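K.L.:
Provide a 3D model corresponding to the input given below.
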Amino acid sequence: MNATIALMKKAVPKRIVLFLLAGFICLSTTAAVLFANADLSGEWKLNEQKSELGQFGGRMAARKLKVSSQADAISIERTSVTQNGEERTTSEKLTFDGKETETTVFGNNKKKSTAKWSDDGQTLNINSVMVFDRNGEQMEIKVAEAWKLTENGQVLSVESTSTSSRGTNTLKLVYEKAK
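P.N.:
Next up is the predicted model:
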């Protein structure tokens, strides 16, 4: 009988430790699911009627997006329509480690970007600086974008604010998931 009581006293602390460990694992897994980054992957088409295209009529806004999200990076293809009516696609891959990524846009002009998730993982913030060279004159445009899913993942909202020597322009772009 004394041996049984002694064995139970030793077993009880082990049970408590196992119980606490199981609880910690369960909470950690739940927290990871709750705070996972939004999955922006898919093909998206601009809904001009629902968008606010700003003072320049959204000339720089992509009409289509193709997005591929990974755990540590995002790949984005932006398809715009030129003034001549031709489609132009630019591609970029942005990492979430804070490193700047350089992309060539509109001829030989450069765009440097960084991407970072909000603390809750629901908004992707992309900050870019583009330098355009026209006839020996350079113009710098800074762009801050906030990407967020709405309507059960069927709508991608992109709020974009650009600043240059021409002033500030804000766009609120609404993209619907292509079917």
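
K.L.:
And residue 145, how far from residue 122?
P.N.:
Here residue 145 is placed at a distance of 15 Å from residue 122 (CB to CB, to the nearest Å). Every residue, glycine included, has its C-beta placed from N, CA and C.

K.L.:
Between the two, which is the more surrounded one?
P.N.:
Summary of the neighbour comparison: residue 145 and residue 122, criterion other CB atoms under 10 Å, with residue 145 having more neighbours (19 against 15).

K.L.:
buried stuff in the helix or strand residue 125 falls within?
P.N.:
Element membership of residue 125 [criterion: DSSP states H and E] is strand 123-134. Neighbour-count burial for strand 123-134, counted by 16 or more other CB atoms under 10 Å, picks out 123, 124, 126, 128, 130, 132.

K.L.:
residues touching residue 82, list them.
P.N.:
Residue 82 is in contact with residue 88, counting by CB atoms under 8 Å, 6 or more residues apart in numbering.

K.L.:
report the longest strand in this protein, please.
P.N.:
Using DSSP state E to define each element, the chain has its longest strand at strand 137-150.
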